[in-house]
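J.: 3D model of this:
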Amino acid sequence: MAAGPEIERALRATLLWSAKEAVMKALREGLRLPPATVEVEAGLGTFSPAGWRPFSASAPTAALGGCWRPVGELVLTVAGGAPEEPALLAPAGDAWAGSAAVVALGEGF
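T.: Numbers count the residues shown, from 1 in each chain. Prediction:
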C-alpha cells in the first residue's frame, strides 16, 4: 500500500468502520446498534508476526477488544475479547475467535 496522507486517511476511516462493524456483529446487534454509539480506539503498533494490531471498543452494552491489519486494499478486523487482551483474538491461519469484518479501502463509510 502506498504511503501518503490520502491513503492514511482512507486506511483510518476504513479501519474505524470495519472495527465498528466487527463489534456490532460480536454483540449480535448488527445495525440495530447505531454505529455512532460504538467508540473505537485503534492501536497502530504491531503485536503479532502476521501484522495484527490491537483495538479497543466500547458500546452502550459492553466493552470489547479486537485486532486489525491491512491486507492490500482491505482492512481485516476481529472483535470479541476483553479490551485488555486483544492478542487472544489474533487469527492463527483461518481460525478466528470473534466476529470478523473485511472492508475495502474507500468503501463502507
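J.: Pull out the buried residues from stretch 56-70.
T.: For stretch 56-70, the neighbour count (16 or more other Cβ atoms under 10 Å) marks 56-57, 59, 64-70 as buried. No exception for glycine: its C-beta is placed from N, CA and C like everyone else's.
J.: least trustworthy helix or strand in this structure by mean pLDDT?
T.: Sorting the helices and strands of the chain by mean pLDDT, DSSP states H and E puts strand 99-104 at the bottom, at a mean of 58.
J.: circling back to that earlier point, identify the farthest-apart pair in the buried residues of stretch 56-70.
T.: For these, the farthest-apart pair by Cβ to Cβ is Ala59 and Pro70; their separation is 23.9 Å.
J.: Which parts of the protein are strands?
T.: For the chain, applying DSSP state E gives strands covering 39-42, 53-58, 63-71, 74-81, 99-104.
J.: low-scoring stretches of the chain, by residue?
T.: Applying pLDDT under 70 to the chain flags residues 1-4, 43-47, 82-109.
J.: repeat that for 80
T.: 1-7, 43-51, 81-109 (pLDDT under 80).
J.: so what's Leu15 closest to, chain neighbours aside?
T.: Spatial nearest neighbour of Leu15, chain neighbours left out: Val75 (5.2 Å); criterion: Cβ to Cβ, 6 or more residues apart in numbering.
J.: how close does the one you found sit to Thr61?
T.: Noted for Val75: a distance of 24 Å to Thr61, by Cβ to Cβ, to the nearest Å.
J.: again, but for Pro49
T.: 34 Å.
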